[in-house]
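>>> Turn this into a model:
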Amino acid sequence: MAKAEELRDLITRLVEGLRERLEKDPDLVVEVASPVFVSRVDISEMSYSPEALGVSFKYLLTQVRPIIRRIDRSKLTPPLDEYYDRAVGIIVDRILSTSAYRYRYEEENVWRDVSFTLDGMLLEAARRRGPEPLPDLLARWYDESEHPSWNIRCYLSGLRVDVEDGIELEDGELTVVLRRPTPTDLKELLNWNYPFEAPPVFALFEPLYVLKAEEGPDKGEEPGGSVEANAFSITSAVLELRGSGDYEGYHPRELAQGATWRLMAALALLGNCRPVAKDQDPGFFYGALALDNVNIFGEGRFWVIPPQGVFSVDPKVPAMLSHLLYNQCRVAEDDVGRLRELWEYLTKEYEVAVPLSTALTHYLESIQRIHDSVESVAYAVMAMEAIYGRGRSGATNNLERYATRLLQALGEKVECLRQKVGDKKILKGDLDAAYEIRSRFVHGDIGNIDDIKDIKDMKRKAKEKIEGDKDFPARVREYARLSILTLLLLGADRGGNFKDAKNNMLDLIEESLSAKEPKKLNGLWSEQFLQRMSRLACVGRVP
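Model (predicted):
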C-alpha cells in the first residue's frame, strides 16, 4: 500500500510539473515517427464450416506509420527528473515481481517499455485528457497487479466445436473454456507485433508479406498501403484458461501445455476424430498467447509463449500435442457431457500417473502417426503394453492373451462394443500381428510403411495385415483406446491409484485364464463402471 501511495504522489507531482513546463516550453514533447510501417487488420466477415479445418474470413489490412510522443528528459528540471526515475522504478519492480513477466522480460526491456508507455500517459494527463486521474489509475493498478486477472489462449487446429456458446471445463481454481475462434481472436493475432519473431499464426496470405507501402507522409497515421482479401485460417478452436493471482511458480507455458495435453487426451479417448488427408496437414502449430487484463502497458496486451519446444509438429519427432494437426475432431452438443467427464478424470479427481500416463502418451503418438500404418500400430501396441505388461519378461506372452481376454469379456458386458471386440479369432489375430509389427519396429527391422516390402523374414500374417487389411491399424488403435478407458475408469474407482488398479485387473485376468473361467473378471465390472464405459466408449467417429 505504501508503494501505491508513493506512486500516486510521484505521478501527481509529475503531471502538475509537466503541465507547467508545457505552457512554457512546447518543445518538451518530441514526436518520433516509427521507422517502419506496422499492420492493422479489420475483420469484416468470418465463416465456420464443416468442410474447412479452420475458419475463413475477409480482412482489410492497412499499413500505418504511427507517431511516438516522448518527453525530452534533458529539458526536465532535476526534481521532475528524479520523480520520473522513481516512478518508473516502482512500476518496473512491480512488473518483475509477477512471474508472468519474470519468465518473459529482461529488466532493461521493461524499463524501456514502461518509459515509452508512461510518457504517453503523462502527456495526456498534463493536457487534462484521459478517462480518470492518472495518479489514481496507476495507484490502483499497483495494488491490483499483485493479483492480476490473466488469460492464456491456446489456438488449436483441426477441432470443430459445434457448440455455439463454447464448453466450460473446470480445472481447480482455473476456469477453462473450449470455444470457437472469434473475429476478435483473428484480429488480435494478425495485429500482433512481437519484436523477436513473427508468429506463424496463419497459413494464408502473401499480401501480408509482399505489400509495399505507398508514398505518403512520414508522420501521423496516414495509411501506407491497404489490401482487402479473403483468407483461410487453420485456427479452428480456442482453449482458454482464465484465472487470477500469480502463477504459483508455474511458467505459463506449463499451464498451456498441461491443459492442451489433457484436451488432446480427452478428445482421443472420446473417439470423435478422423485423420485428415496428407496434403491438408498444416506445417505448424500456433502455440499459446497470454493476456494480462491488468497491465501498465494497456488492457489487453499480449505477450507470447513461443510454441518451439512445446508443440512439436515434425511427424518424425515424438510429440504429444500435435494430435489435432493430423486429425479432424468434432465436439457436438451430444459430446459435451462425455468430454467434461473425461476432462475431470484427467484433471480434477487425481493426477494422471504411471501406467496411465505412459499409455496415454503412446496412444497420442499412435494417433499422430496415423498416416503411417507401421508406426501407428507400433505405438498403439506400446500403449497396451503399459497396461497389460508385468515387468520386462512378461510383455510378449501377456499382451495378446491378456488383452484378448479382457476386451472380449468387455464386449460381452457392453453391447455396443460387441461388434468391435466380440470375435475372438479376429481379436487374437490382430493382436498377434500387431505385436510382431511393434517388435520389428522397436528393434529397427522396419521403419515405416514404405519399408514393409523389404522385410523378407517378417511373419506372413503380420505382413498381410499391414499390406492388405486397411482397417487393421484402426482396429488396433481402438483396442488401445478401450484398454486405456478400462484402466482409467478402474483407477477412478480407486481414487486415481492406477498401479493398484492395474495389478488387480491383471490378477483377475490371470485367474480367469488359468481356471478357464472368464466369469472371474466379473469382479472388475461394477454397475457404475459398465454405465460409464458404455457412455464413454460407444460414440460416433465422424466429425
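
>>> which helices and strands sit right next to the helix or strand encompassing Trp141?
With secondary structure defined by DSSP states H and E, Trp141 is part of helix 134-144. If contacts are counted by 3 or more Cβ pairs under 8 Å, 6 or more residues apart in numbering; DSSP states H and E, helix 134-144 sits against helix 2-24, helix 78-96, helix 107-126. Placement of C-beta: from N, CA and C, glycine included.

>>> Point out the one among those that comes closest to Asn497.
helix 78-96 (41.7 Å; Cβ to Cβ).

>>> Pull out the buried residues from that closest one.
80-81, 83-84, 86-88, 90-92, 94-95 (16 or more other Cβ atoms under 10 Å).

>>> what do you get for stretch 425-432?
Quick answer for stretch 425-432 (16+ other Cβ under 10 Å): 427-432.

>>> on that earlier part again, pipe the helices and strands packed on helix 134-144 into TSV and attach distance to Thr184 per row.
Putting the helices and strands packed on helix 134-144 into TSV (distance: least, Cβ to Cβ, whole Å) gives the following:
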stretch	distance to Thr184
helix 2-24	31
helix 78-96	25
helix 107-126	22
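
>>> Kindly tell me how buried Glu173 is, as a neighbour count.
Residue neighbour count, defined by other Cβ atoms under 10 Å, stands at 9 for Glu173.

>>> correct me, but it touches Leu255?
No. Taking Cβ atoms under 8 Å as the definition, Glu173 is not a contact partner of Leu255, at 11.5 Å.

>>> Look up how far Arg262 lies from the nearest residue in space to Glu107 that is not next to it in sequence.
Of all residues beyond its chain neighbours, the one nearest Glu107 is Leu96 (6.3 Å), with distances taken as Cβ to Cβ, 6 or more residues apart in numbering. Using Cβ to Cβ, to the nearest Å, we find Leu96 at a distance of 31 Å from Arg262.

>>> sorry, back to before: now the angle between helix 2-24 and the helix holding Trp141, please.
Comparing the axes of helix 134-144 and helix 2-24 via axes from the mean of the first three to the mean of the last three Cα atoms, to 10 degrees yields an angle of 150 degrees.

>>> What residues of helix 134-144 count as buried?
For helix 134-144, the neighbour count (16+ other Cβ under 10 Å) marks 134-135, 137-139, 141-142 as buried.

>>> quick one: which of those residues is nearest Glu16?
Distance from Glu16 was checked for each of those by Cβ to Cβ. The minimum falls on Pro135, at 9.9 Å.

>>> Show the contacting residues for that closest one.
Contact partners of Pro135, counting by Cβ atoms under 8 Å, 6 or more residues apart in numbering, are 7-9, 11-12, 15.

>>> are any of the residues you listed buried, and which?
For these, a burial check counting by 16+ other Cβ under 10 Å picks out 7-8, 11-12, 15.

>>> roughly how far out does stretch 12-24 sit from the chain middle?
Here stretch 12-24 is found 48 Å from its chain centre; the criterion is Cα atoms, centre = their mean, to the nearest Å.

>>> ditto for stretch 338-355
Taking the mean C-alpha point of stretch 338-355 and that of its whole chain, the gap between them comes to 17 Å (Cα atoms, centre = their mean).

>>> Check stretch 353-372 too.
A distance of 17 Å separates the C-alpha centroid of stretch 353-372 from that of its chain, computed with Cα atoms, centre = their mean.

>>> And it, what's buried?
Neighbour-count burial for stretch 353-372, with 16+ other Cβ under 10 Å as criterion, is recorded at 355-372.

>>> now do stretch 165-179
Within stretch 165-179, the residues that count as buried by 16+ other Cβ under 10 Å are 167, 169, 171, 174, 176-179.

>>> First-to-last residue distance for it?
7 Å (Cα to Cα, to the nearest Å).

>>> now it: mean pLDDT?
Average pLDDT, stretch 165-179: 87.

>>> Is Glu170 part of a helix or strand, or is it coil?
At Glu170, secondary structure determined by DSSP: H, G, I helix; E, B strand; the rest coil is strand.

>>> And for Arg128?
Assigned with three-state DSSP, Arg128 falls in the coil class.

>>> And for it, the neighbour number?
Using other Cβ under 10 Å as the criterion, Arg128 is surrounded by 9 other residues.

>>> for Gly523, same thing?
Other residues near Gly523 come to 13 when the count uses other Cβ under 10 Å.

>>> my read: it touches Asp507, true?
No. Using Cβ under 8 Å, Gly523 and Asp507 do not qualify as a contacting pair, with a distance of 9.6 Å.

>>> what are the ranges of the strands in the stretch 401-543 of the chain?
According to DSSP state E, counting those that start in this stretch, the stretch 401-543 of the chain carries no segments that qualify as strands.

>>> so where's it uncertain?
Counting by pLDDT under 70, the ranges of the stretch 401-543 of the chain that qualify are 443-463, 516, 518, 540-543.

>>> How about the stretch 101-250 of the chain?
Scanning the stretch 101-250 of the chain for pLDDT under 70 picks out the ranges 101-106, 146-148, 171, 191-227, 229, 245-250.

>>> And the strands in it?
Listed in chain order, the strands of the stretch 101-250 of the chain (DSSP E, counting those that start in this stretch) span 149-157, 159-162, 167-171, 174-179, 223-233, 235-244.

>>> Just name the most buried of those.
strand 149-157 (a mean of 23; mean count of other Cβ atoms under 10 Å).

>>> That one pairs with which strands, parallel or anti?
The partner list of strand 149-157 in its sheet, established with DSSP bridges, is strand 235-244 (antiparallel), strand 288-292 (antiparallel).

>>> wait, isn't Val30 in contact with Arg73?
No. Val30 sits out of contact with Arg73 when judged by Cβ under 8 Å, with a separation of 9.7 Å.

>>> Can you check what angle separates the one helix or strand Arg70 maps to from helix 2-24?
Taking DSSP H and E as the criterion, Arg70 maps to strand 67-71. Angular relation of strand 67-71 and helix 2-24 on a 0 to 180 degree scale: 100 degrees, by the same axes, to 10 degrees.
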